[in-house]
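Colleague: Sequence first, predicted model second:
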Amino acid sequence: MEVEKWHNVAFAWAGIFATVSFAIFITLATNVDSWVFGEDLLSTLRHSDNVDARIFLNLGCVFSGLLLVTFGTGNILYHRNHDQSVGGGLVAIAGIVLIFIGLITADLSSEVMYNYLEGAFATLMLLSMAVFAAGNWVADHKVFAGISMILFASGVATVVTFSFEMMEAIGICIGLIWIVIESVRLMIEKPNAGGKVGVSGRVRQ
Amino acid sequence: MTPPRSAWAGVALGAFGGILCIVAMAFLFKPETDAVPDIGSYMLLAALFFAIAGAFTANNQWSWDMLLFVTFLTAAVSMVLTIMGAIDIYGGILIFVIAAAIVAVLLIPSSKTWLDRPKL
């Protein structure tokens, strides 16, 4: 899908706001509850006695999920190759899954369903990292592709090495860093006036 | 064509990373323990760093694109091995910083001109 006027910077800000809102809400939720990094699962906050912790967790997931869908849509609209649009689609689906994670409260679903959604979200994010690494490499954003490659490898190593609790905590940190970096990449994409975009933003004739 | 200073910096950083990995491998050799995976990890990193150092020299084997890819691969391998505990965390961070410095050297325009020059 091609569009004439580019609003890529606005969509890139959605990605940055998604990470900031998620970080703020999760920090608030973990601070009002006695949650320990790497020792407790985030899903334990769903059963917290403190109602604020539960609300912050769910709000964080829903807000960030909505913004992640916006960011993924931006990548579908403003792409240089199909890899980037497929990666954007995967991020948008991951955002929808995150919204469901926020909407499904403890009294609505079982732990199995919740863990399934969490696993789906992590898998989609890892897949989109790999796809974006390939797409950015072809699109001459080689440094961004390299960073995506390193973060993807780190994510896989985290899944293999650590316990589930530590894996979840470190995986979230890796995901947040990656979304910020991809947002910066989307931000520096230059407008496409019908033709292909040059490396330094000049439109090829 | 005379090699630019950035190429010498790339050779120096690559060789330093390789030597550092070989030294770490030698220090960590303990035959009584299962040190083989640890030693193999450092050996892999040393091979990658020496390959990077060689790619900056006059008879280089790779284009700029390929060298950048291998440098990112080295950084990713060092990160993975550090996370998995196969190499020391401070050593892993140092190796990652050296790989990042090589990426910075590669982003200097003269490095790209040197590596993508017409070859025989």
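Modeller: Everything's here; your move.

Colleague: Report the contact partners of the most centrally placed residue in chain B.
Modeller: By CA atoms, centre = their mean, chain B has its centre lying nearest to B:F49, at 2.6 Å. With contact taken as CB atoms under 8 Å, 6 or more residues apart in numbering or on different chains, B:F49 is in contact with B:14-15, B:17-18, B:21, B:74, B:98. Backbone N, C-alpha and C define where each C-beta goes, glycine included.

Colleague: Contact residues of chain B facing chain A?
Modeller: Proximity of chain B to chain A, by CB under 8 Å from any CB of the partner chain, involves residues B:65, B:68-69, B:71-73, B:75-77, B:79-80, B:83-85, B:103, B:107.

Colleague: Out of these, flag the one nearest to A:A130.
Modeller: When those are compared for distance to A:A130 (CB to CB), B:A76 comes out closest, at 12.0 Å.

Colleague: Which strands or helices does the helix or strand harbouring that closest one pack on?
Modeller: Counting by DSSP states H and E, the secondary-structure element that holds B:A76 is helix B:64-83. Based on contacts counted as 3 or more CB pairs under 8 Å, 6 or more residues apart in numbering or on different chains; DSSP states H and E, the elements that helix B:64-83 packs against are helix A:142-161, helix B:36-55, helix B:89-106, helix B:109-115.

Colleague: The helix or strand that the first one is followed by to helix B:64-83, inter-axis angle?
Modeller: Note on helix A:142-161: by DSSP H and E, the next helix or strand toward the C-terminus is helix A:164-187. Direction vectors for helix A:164-187 and helix B:64-83, defined by axes from the mean of the first three to the mean of the last three CA atoms, to 10 degrees, enclose an angle of 160 degrees.

Colleague: Return the set of buried residues in helix A:164-187.
Modeller: A:165, A:167-172, A:174-176, A:178-183, A:185-186 (16 or more other CB atoms under 10 Å in any protein chain shown).

Colleague: Determine which two of the residues of chain B next to chain A are furthest apart.
Modeller: For the residues of chain B next to chain A, the farthest-apart pair by CB to CB is B:D65 and B:G85; their separation is 32.5 Å.

Colleague: what sits against the residue nearest to A:A92 when sequence neighbours are not counted?
Modeller: Leaving aside its chain neighbours, A:A92 sits nearest to A:G72 (2.9 Å; criterion: CB to CB, 6 or more residues apart in numbering or on different chains). Residues in contact with A:G72, defined by CB under 8 Å, 6+ apart, are A:88-95.

Colleague: contacting residues for A:G155?
Modeller: Taking CB under 8 Å, 6+ apart, one finds A:125-126, A:129, A:171, A:174-175 in contact with A:G155.

Colleague: same thing but at 7 Å, please
Modeller: By CB atoms under 7 Å, 6 or more residues apart in numbering or on different chains, the contact set of A:G155 is A:126, A:129, A:171, A:174.

Colleague: Looking at chain B, what residue ends up closest to chain A?
Modeller: For chain B and chain A, the shortest gap (CB to the nearest CB) falls at B:F72, measuring 3.4 Å.

Colleague: quick one: that residue and A:F56, what's the gap?
Modeller: B:F72 is 37 Å from A:F56, where distance means CB to CB, to the nearest Å.

Colleague: neighbour count winner among these two?
Modeller: Applying other CB atoms under 10 Å in any protein chain shown to B:F72 and A:F56 shows that B:F72 carries more neighbours, namely 26 against 23.

Colleague: wait, the more buried one sits on A:G146?
Modeller: Yes: taking contacts as CB atoms under 7 Å, B:F72 lies within contact range of A:G146: 3.4 Å.

Colleague: Quickly list what's touching both of these two.
Modeller: Listed contacts common to B:F72 and A:G146 are B:V103; contacts here mean CB under 7 Å, 6+ apart.

Colleague: Show me which residues of chain A sit near chain B.
Modeller: By CB under 7 Å from any CB of the partner chain, the residues of chain A that approach chain B are A:142, A:146, A:149-150, A:153-154, A:157-158, A:161.

Colleague: And these, which of them are buried?
Modeller: A:142, A:146, A:149-150, A:153-154, A:157-158.

Colleague: The residues you listed: which two are farthest apart?
Modeller: Spanning the widest gap among these are A:K142 and A:T158, at 24.4 Å by CB to CB.

Colleague: Once you drop chain neighbours, what's closest to B:M79?
Modeller: Once chain neighbours are set aside, the closest to B:M79 by CB to CB, 6+ apart is A:S154, at 5.0 Å.

Colleague: and if you look at A:I24?
Modeller: Skipping the residues right next to it in sequence, A:I24 comes nearest to A:G60 by CB to CB, 6+ apart, at 7.5 Å.

Colleague: give me the element the one you found is part of.
Modeller: helix A:51-77.

Colleague: for that helix, which positions count as buried?
Modeller: By neighbour count, with 16+ other CB under 10 Å as the criterion, the buried positions of helix A:51-77 are A:53-58, A:60-77.
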